[in-house]
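> here is a sequence together with a model predicted from it:
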Amino acid sequence: MSRSPNPDCRVVRPGVAFAGKQGLDYFEGIAAETVGSTGICMHLVTMPPGARARAHLHEAHETAIYVLSGEAHTWFGEQLQEQVIVKAGDMLYIPAGVPHLPANLSDAPCTAVIARTDPNGRESVVLLPELDELVPA
């Protein structure tokens, strides 16, 4: 879908998946590339049982997550020393620049809506491989 030169309301039906740098597959949603957004992107992600992302941060962009189904563990902090479990109906806020690593440790898929203040669908992610080993697989 190309970027429209004229702003207009647009419907996006998630159907095309893409591999994120973090190691998870995202379903294309609202982004600069799909609707011409300039300050936000929103995607759908489903983490299968046992899936985990790579440790990463979003340097200059905030993230908001709404869990639709399942649950996920998220480690965060400079050394991933903090942990939170988010379940269906929970929302999680991750400030810009905070290292984090989500994982699905359950037997069921976890599906969530993810919104970021970066309008680009394949947003700028900084991978932190030195932190990956701090969270047990």
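Right, received. Where do you want to start? Predicted model only: the values in this text are computed from it and were never measured. Numbers count the residues shown, from 1 in each chain.
> where does the most centrally placed residue in the chain fall, secondary structure wise?
Here the mean C-alpha position of the chain is nearest to the C-alpha of residue 114 (CA atoms, centre = their mean), at a distance of 5.0 Å. If you go by DSSP states H and E, residue 114 is part of strand 110-116.
> sheet partners, orientation included, of that strand?
Strand pairing for strand 110-116, using DSSP bridges, gives strand 41-47 (antiparallel), strand 63-69 (antiparallel).
> assign residue 80 to helix, strand or coil.
For residue 80, the assignment made with DSSP: H, G, I helix; E, B strand; the rest coil gives coil.
> how about the strands paired with strand 110-116 in TSV, adding mean pLDDT and distance to residue 104?
From N, CA and C alone the C-beta is placed, and that goes for glycine too. Written out in TSV, the entries for these read as follows (pLDDT from 0 to 100; distance: least, CB to CB, whole Å):
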stretch	mean pLDDT	distance to residue 104
strand 41-47	92	4
strand 63-69	97	11
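> any chance of these in CSV with mean neighbour count and distance to residue 80 as columns?
Conversion of those to CSV gives the following (neighbours: other CB atoms under 10 Å; distance: least, CB to CB, whole Å):
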stretch, mean neighbour count, distance to residue 80
strand 41-47, 21, 17
strand 63-69, 16, 16
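> the residue nearest to residue 30 when sequence neighbours are not counted pairs with what?
For residue 30, the nearest residue in space outside its immediate sequence neighbours is residue 42; the separation is 4.3 Å by CB to CB, 6 or more residues apart in numbering. On the basis of DSSP bridges, residue 42 takes part in beta bridges with residue 30, residue 115.
> re earlier: partners of the helix or strand following the strand holding residue 114, with directions?
Next helix or strand after strand 110-116 toward the C-terminus (DSSP H and E): strand 126-127. The strands beside strand 126-127 in its sheet (DSSP bridges) come out as strand 56-57 (antiparallel).
> distance from the partner strand to the middle of the chain?
Relative to its chain's centre, strand 56-57 lies at 10 Å (CA atoms, centre = their mean, to the nearest Å).
> good, we can wrap up now.
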